[in-house]
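1. build the 3D model from these lines:
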Amino acid sequence: MDIDWPADFGSWLDRLEEKARGGDPRSKLILIFAARALDQLRRLTEPPAAESETATLRWVRQSRRYLLWRVSHAYHPEVAVRLICWFPPGSGKVVVALFAAGKARLGDLFYNSVAARADPLIDQWIRETSYEEKP
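-> Sure, this is the predicted structure:
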């Protein structure tokens, strides 16, 4: 699966890599989890289906306009990296629309706001790439 993202995610990833190269241990940890999540997405051969959920790849039930998926990792006491993704129909791509890397206590507040925050970022990606859904 090809991975793409809006400019905001790319900027976050660049800043994270810079901090990690500078020796920041928390940034290194977040970068490791983010890289693993991106690798998991890259290895997919097709968009997931609701019945193919795993512990690390789950459908976000709070989705609104777009069918969103969450990539996560096993519990870690210091960080909880979550990538919120959308699979544009017929594109062979996954778009990383949103990310979180805070303390491990994300919970319902994060997921309740996912759609409201992810939808505009997906719209931004659509504008940036001129993606048009194929019928």
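
2. can you give me the pLDDT of E133?
-> At E133 the predicted local distance difference test score is 66.

3. and what of A104?
-> In the prediction, the pLDDT value recorded for A104 is 49.

4. kindly report the same for D108.
-> 54.

5. let me see the ranges of the helices in the protein.
-> Under the criterion DSSP state H, helices of the chain are mapped to 7-21, 25-42, 107-129.

6. so which of those helices comes closest to S63?
-> The minimum distance between S63 and the helices of the chain falls on helix 107-129, with 5.5 Å, by C-beta to C-beta. C-beta coordinates here come from the backbone N, C-alpha and C atoms, glycine included.

7. and that closest one, how far out from the chain middle?
-> Helix 107-129 sits 10 Å away from the centroid of its parent chain (C-alpha atoms, centre = their mean, to the nearest Å).

8. ok so, going back, tell me which of the helices of the chain sits most buried.
-> helix 25-42 (a mean of 17; mean count of other C-beta atoms under 10 Å).
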